[in-house]
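**Q** How does the following fold in three dimensions:
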Amino acid sequence: MNLNLGDAIGIFVKTLPFVLARAAIYSVFGAAALVYCLVVFGFAALFAKVGGTVGGWMAIIVIALGIGGGWGLVALARSWLLHVVKAAHVAVATAYLTNQTLPAGQTQYSIGKALVVERFLDVNLLFVLDGLVRGSTRAANRLIDDLARWIPIPGIESLAQWVERVVSMAMNFIDETVLSYSIYKKDANVWQSAAEGVVLYAQSYREVLATAVAMALLAWASFALLVVAFGIVFWPISYSLGAKHGTLQAVVFLLPFVLGYVAKLSVVNPFAMIAVLVTFHRHAVGQPISQEWRGRIEQASSAFRELETRAREYVAAPVPVPPKA
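**A** Residues are numbered from 1 along each chain as shown. Alright, predicted model coming up:
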C-alpha cells in the first residue's frame, strides 16, 4: 500500500496557512468551551451547595440547559466556520495536486474565497452537499463485500466490529475527496460532479479507503502520544496541587487530553486529509465513470438519488448579454 506520504508532506507544508488557521479556530473554541464548562458546572455546584434538595434539582437543570443550549450554539458556530476553512483548504490542496503550483496571480486566500463565494454562492449549499455526499459514500461502503478482508493487518477478520468503527472514522477523510473532485472538474453543476466523485470513490475504494483507514489509525495513535507528551508536563502539576484545589487539579489533569485532541484536529487531521486526497487523485481521477457502480449506489442510497435529482434540475445562471453600443 503506497500512502504517497512524500507528496502529502509537500502539499501539507505548502498549505500551512490553512493548517494554522484551523489550529487557531480549534484553540479558540477549545479554550472557550473549557471556560464555558467551568462556568456552567460552577453555577451548578453553587446551587447544589446552598440550595439543598431544590438546589440539587436546579443544578441538574443548569447543566442540562448549559450543555443542550449554549453548548449547541457554540458547536454550530465552530462547525460553520471550520467547514468554510476546510473547504478552502481542500481547494488550495487540489490546486497544488493538479497543477503543482497556484494559478498565476492568485493566492491561497483568493482561491479559497473563490470556492466559497463564486462556486457555491452560499455556505449553506456546502452543508447540504456535504450531507448528501456523506450519505452516498457510506451507502457505497455498505455495497463493499467484507471490508475486513483487504485491511493489511493479520487476524483483522475476527475483529469485524472494530473494523467498522475504524472505517467510520476513516470516512471523515473520504468526503473531502469528493469535494476535491468537484473543484478539479470546475463544473458549475456541483451536484453532478459530486455524484461522479462518489462513483469514482466506489470504483477505487481499495486504494482510497485503505489510505483513509491508515490515516485514521495514525491520527488516533498520534492523539495518544500527544496526550502522554502533554501529560508529562501537566500531570505532575495536577498532583502537586492537592485535594484542597480539587477543581483546579481536575482542570490541569484534563488539559493533556484537551490539548492533544486540539493538536490532532488542527495538525494531524489536515495531513491525513491531504494524504487521502493524493491517493484519490492518483487512483480515481481520470477513470471512466462505471455505470454499474452508479446503478448500484442509486439503488442503495436515497442521498445519492437526491444528488442526481439536483444535478438534473440544475439550471446554470444566464450569461449576461452586453448592451448594444
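**Q** Just the buried positions in stretch 289-308, please.
**A** Neighbour-count burial for stretch 289-308 flags 293-294, 296-298, 300-301, 303-308 (criterion: 16 or more other Cβ atoms under 10 Å). Using the backbone N, CA and C atoms, a C-beta is placed for each residue, glycine as well.
**Q** any idea of the mean pLDDT in it?
**A** Mean pLDDT, computed over stretch 289-308, is 91.
**Q** Which residues does that stretch contact?
**A** Outside stretch 289-308, the residues that touch it by Cβ atoms under 8 Å, 6 or more residues apart in numbering are 131-136, 139-140, 142-143, 191, 194-196, 198-200, 202-203.
**Q** Mind pulling the model confidence for residue 52?
**A** According to the prediction, residue 52 has pLDDT 64.
**Q** wait, isn't residue 26 in contact with residue 265?
**A** Yes - Residue 26 lies in contact with residue 265 (Cβ atoms under 8 Å); the separation is 5.1 Å.
**Q** and the helix ranked longest in the chain, how far from the chain's centre?
**A** Across the chain, the longest stretch assigned as helix under DSSP state H is helix 205-241. The gap between where helix 205-241 is centred and where its chain is centred comes out at 17 Å by Cα atoms, centre = their mean, to the nearest Å.
**Q** and residue 21, how many neighbours does it have?
**A** The number of residues packed near residue 21 is 21, by other Cβ atoms under 10 Å.
**Q** May I have the residues that are in contact with it?
**A** Counting by Cβ under 8 Å, 6+ apart, residue 21 makes contact with residue 85.
**Q** go with 10 Å
**A** 15, 81, 82, 85, 86, 88, 89, 108, 109, 112, 266 (Cβ atoms under 10 Å, 6 or more residues apart in numbering).
**Q** which residues does the fourth one contact?
**A** Residues near residue 85 by Cβ under 10 Å, 6+ apart: 18, 21, 22, 24, 25, 112, 116.
**Q** Number of residues surrounding the residue nearest to residue 101 when sequence neighbours are not counted?
**A** With sequence-adjacent residues excluded and distances taken as Cβ to Cβ, 6 or more residues apart in numbering, residue 101 is closest to residue 95, at 7.9 Å. Residue 95: 22 surrounding residues under other Cβ under 10 Å.
**Q** Please verify my assumption that residue 95 contacts residue 277.
**A** No - judged on Cβ atoms under 10 Å, residue 95 makes no contact with residue 277 at a distance of 11.4 Å.
**Q** Between those two, which contacts overlap?
**A** Listed as contacting both residue 95 and residue 277 by Cβ under 10 Å, 6+ apart are 11, 184.
**Q** Looking at the contacts of residue 21, spot the one nearest residue 180.
**A** Closest approach between the contacts of residue 21 and residue 180, by Cβ to Cβ: residue 89, at 10.2 Å.
**Q** So what's the model's average confidence on the helix or strand containing that closest one?
**A** Using DSSP states H and E, residue 89 sits within helix 71-99. If you average the pLDDT over helix 71-99, you get 76.
**Q** Next: stretch 134-148.
**A** Stretch 134-148 comes out with an average pLDDT of 76.
**Q** returning to what we had before: columns distance to residue 272 on top of the contacts of residue 21, output as JSON lines?
**A** Formatted as JSON lines, those follow (distance: Cβ to Cβ, whole Å):
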{"residue": "15", "distance to residue 272": "13"}
{"residue": "81", "distance to residue 272": "20"}
{"residue": "82", "distance to residue 272": "15"}
{"residue": "85", "distance to residue 272": "16"}
{"residue": "86", "distance to residue 272": "12"}
{"residue": "88", "distance to residue 272": "18"}
{"residue": "89", "distance to residue 272": "12"}
{"residue": "108", "distance to residue 272": "20"}
{"residue": "109", "distance to residue 272": "23"}
{"residue": "112", "distance to residue 272": "20"}
{"residue": "266", "distance to residue 272": "12"}
